[in-house]
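Asker: What follows is a predicted protein model with its sequence.
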Amino acid sequence: MTDLSVASTAKRTTFDVDAIRRDFPILSQQVNGKPLVYLDNGASAQKPEAVLDAMDRYYREMHSNVHRGAHTLGDRATSAFEGARETVRNFLNAESTREIIWTRGTTEAINLVANGLAPRLKAGDEILVSHMEHHANIVPWQMIAERTGAKVVPVQVTPEGELDLESFTSLLNEKTRVLAITHVSNVLGTVNPVAALIEQAKAHGIITLVDGAQAVPHYKPDVQALGCDFYVFSSHKLFGPTGIGVLYGKAQLLEEMPPYQGGGEMIERVSFERTTWNTLPYKFEAGTPAIAEAVGLGAAIDYLNGLDRSAMEAAETGLLERANQLVETVPGMEIIGTAKNKVPVISFKIAGLHPSDIGTLLDQQGIAIRTGHHCAMPLMDFYGVPGTARASFAFYNTLDEVDTLFTALQKVQRLFA
């Protein structure tokens, strides 16, 4: 627990969404003369007052560089910074803070791992990803494959938006070196059975990375139970600040990997003849880190720890169920991705309407959604669409907001009809 943690971490035994919404100042505003209905949480979630206060307090009372200051402010900043690392360790149930690396986000974390594993790859090796991956879990592997002669191999998905498990099993072979898989699809909301996939991969000696960016806002992962070698996520999707993310990696693998960037902090000793590296986790943290952002992420996790997680998940399930019930009220509306196990995300199209037009007209009614290919072009190609409209819900959204969304979609459909 950091000095900047939420004042009280006692769990709320009842899930009072109105009280929770008061913790998020941005939700009380109007947009285009309408109450804001924020349904773009999959892109970036909003921040509770506890996060804003923690970062403000850091800058007002203790800002200094970490680890090197021989003064009180430096000690305070270091304590808060490393306290946040311990908060993340506990959130993920990692064995040690040595396994928690600060990055700029999920994208940098995956790039760090891909570059670190490059020396292990050679021509003919295979890197397994899925058709539902975000570009951040495709492009870095393609770049490494081009350097090493390895090959990126996609696992197919079903029309319902679930991973084709037969395809996955059939693709595992003696050439497979890495499995990089999303825990939850940012487009479909599909929750992949990552524990089972990792178990199969481990039987073949395959290194595993899980992209948890879309999972951590809804679930508290346990990396030791999952058995993955790497797990990555971004703070800003977890109700924390932008500009910081987390790479969990098993210590043995991190020890074996070369540094990703050079500079200050990541060194033990520098001479013109030879430089030696710092110990974990600092070996991968060159330069002044995002200190206030780490403090903010720690505060976000502390805030979530104060909620009744089972009640939160039940509330989110209710939002998804209401949305699915209302689809038939909008003529021509079709949900893309109907997996049985989903987080509260719906990607959709409406016959005769372009996704960007849907988004623009909803914005005029105060409703924020996402439109486009969602950084998942291979998945769009699979479904034969240029893009979709996407509403992604968080625990602070309400059933009334779901109703408001579909009332607005009915208006949009009638306008174009």
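Answerer: Yep, that arrived.
Asker: where does D23 fall, helix, sheet strand or coil?
Answerer: Put simply, D23 is coil when judged by DSSP: H, G, I helix; E, B strand; the rest coil.
Asker: 743 is where my numbering starts, stick with that
Answerer: Sure thing, new numbering starts at 743, so read that last one as D765.
Asker: which phi and psi does it have?
Answerer: Phi and psi for D765, reported as degrees, to the nearest 10, are phi -80, psi -10.
Asker: got a list of what the residue nearest to it when sequence neighbours are not counted touches?
Answerer: Computed as Cβ to Cβ, 6 or more residues apart in numbering, the closest residue to D765 that is not its neighbour in sequence is P790, at 4.4 Å. Any C-beta I mention is one placed from the backbone N, CA and C, and that applies to glycine too. Neighbouring residues of P790 by Cβ atoms under 8 Å, 6 or more residues apart in numbering: D765, F766, F981, A1042, Y1045.
Asker: The first one against E791, yeah?
Answerer: Read it as D765. Yes - using Cβ atoms under 8 Å, D765 makes contact with E791 at a distance of 5.5 Å.
Asker: between these two, who's got more neighbours?
Answerer: In terms of neighbours (other Cβ atoms under 10 Å), D765 is the more surrounded of D765 and E791; the figures are 19 against 14.
Asker: for the contacts of P790, which one is nearest G1094?
Answerer: F766 (35.7 Å; Cβ to Cβ).
Asker: What's the local residue count around the closest one?
Answerer: When neighbours are counted by other Cβ under 10 Å, F766 comes out with 19.
Asker: Return the distance of the nearest residue to H813 once chain neighbours are set aside relative to W883.
Answerer: Distance criterion Cβ to Cβ, 6+ apart; nearest residue to H813, sequence neighbours excluded, is S806 at 7.2 Å. Noted for S806: a distance of 38 Å to W883, by Cβ to Cβ, to the nearest Å.
Asker: who has more neighbours, the two?
Answerer: Higher neighbour count among S806 and W883: W883, with 26 against 16, using other Cβ under 10 Å.
Asker: I figured the more buried one hits N857, correct?
Answerer: No - using Cβ under 8 Å as the test, W883 is too far from N857 to be in contact (10.6 Å).
Asker: Name the residues contacting each of these two.
Answerer: Joint contacts of W883 and N857 (Cβ under 8 Å, 6+ apart) do not exist.
Asker: Show me the shaky parts of the protein.
Answerer: Applying pLDDT under 70 to the chain picks out residues 743-756.
Asker: Point to the residue nearest the middle of it.
Answerer: By Cα atoms, centre = their mean, the chain has its centre lying nearest to A955, at 1.3 Å.
Asker: Apart from its chain neighbours, what residue comes closest to that one?
Answerer: Nearest one to A955, counting by Cβ to Cβ, 6+ apart, is T848 at 4.4 Å.
Asker: right, and that neighbour touches F975 too?
Answerer: Yes - proximity of T848 to F975 meets the contact threshold set by Cβ under 8 Å, at 5.9 Å.
Asker: What is the burial count for A796?
Answerer: Other residues close to A796 by other Cβ under 10 Å number 28.
Asker: same check, this time on F1124
Answerer: 17.
Asker: With just CA atoms, put the strand or helix carrying it into CSV.
Answerer: Using DSSP states H and E, F1124 falls within helix 1119-1125. Taking C-alpha atoms only, helix 1119-1125 is exported to CSV below (Å, rounded to 0.1, in the frame of the first residue of the first chain):
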residue,chain,number,x,y,z
MET,A,1119,-7.8,-4.8,-39.4
PRO,A,1120,-7.3,-8.6,-39.8
LEU,A,1121,-10.5,-9.2,-37.7
MET,A,1122,-12.4,-6.6,-39.8
ASP,A,1123,-11.2,-8.5,-43.0
PHE,A,1124,-12.4,-11.8,-41.4
TYR,A,1125,-15.9,-10.3,-41.0
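Asker: how distant is the helix or strand just after that helix from the center of its chain?
Answerer: On the C-terminal side of helix 1119-1125, the closest following helix or strand by DSSP H and E is strand 1130-1134. Strand 1130-1134 sits 17 Å away from the centroid of its parent chain (Cα atoms, centre = their mean, to the nearest Å).
Asker: Next secondary structure after strand 1130-1134?
Answerer: Per DSSP H and E, the helix or strand that comes after strand 1130-1134 is helix 1141-1158.
Asker: Helices along the stretch 793-942 of the chain, start to end?
Answerer: 814-834, 848-859, 881-890, 907-913, 936-945 (DSSP state H, counting those that start in this stretch).
Asker: ok, then the element right after the last one?
Answerer: For helix 936-945, the succeeding helix or strand toward the C-terminus, using DSSP H and E, is strand 949-953.
Asker: Direction included, what does that following strand pair up with?
Answerer: Strand 949-953 has its sheet partners listed here by DSSP bridges as strand 918-924 (parallel), strand 972-976 (parallel).
Asker: Tell me what angle the longest one forms with helix 881-890.
Answerer: By that I understand strand 918-924. 160 degrees (axes from the mean of the first three to the mean of the last three Cα atoms, to 10 degrees).
Asker: neighbouring contacts of strand 918-924?
Answerer: 852, 859, 862-863, 867-872, 874-876, 879, 883, 892, 895, 897, 934, 936, 939-940, 943, 946, 948-953, 955-956.
Asker: Just the buried ones among those, please.
Answerer: Buried residues within the contacts of strand 918-924, defined by neighbour count using 16 or more other Cβ atoms under 10 Å: 852, 859, 863, 867-872, 874-876, 879, 883, 892, 895, 897, 934, 936, 939-940, 943, 948-953, 955-956.
Asker: With just CA atoms, put stretch 1074-1089 into CSV.
Answerer: The C-alpha atoms that make up stretch 1074-1089 are tabulated as CSV, following Å, rounded to 0.1, in the frame of the first residue of the first chain:
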residue,chain,number,x,y,z
GLY,A,1074,-31.0,-3.6,-39.4
MET,A,1075,-28.7,-3.8,-36.3
GLU,A,1076,-26.3,-6.7,-36.1
ILE,A,1077,-23.8,-7.5,-33.4
ILE,A,1078,-20.4,-8.6,-34.5
GLY,A,1079,-19.1,-11.3,-32.1
THR,A,1080,-21.6,-13.3,-30.1
ALA,A,1081,-19.2,-15.4,-27.9
LYS,A,1082,-20.7,-17.1,-24.9
ASN,A,1083,-18.1,-15.6,-22.6
LYS,A,1084,-17.8,-11.8,-23.0
VAL,A,1085,-17.1,-8.6,-21.2
PRO,A,1086,-19.6,-5.8,-21.7
VAL,A,1087,-18.6,-4.8,-25.2
ILE,A,1088,-20.8,-4.7,-28.3
SER,A,1089,-19.4,-4.1,-31.8
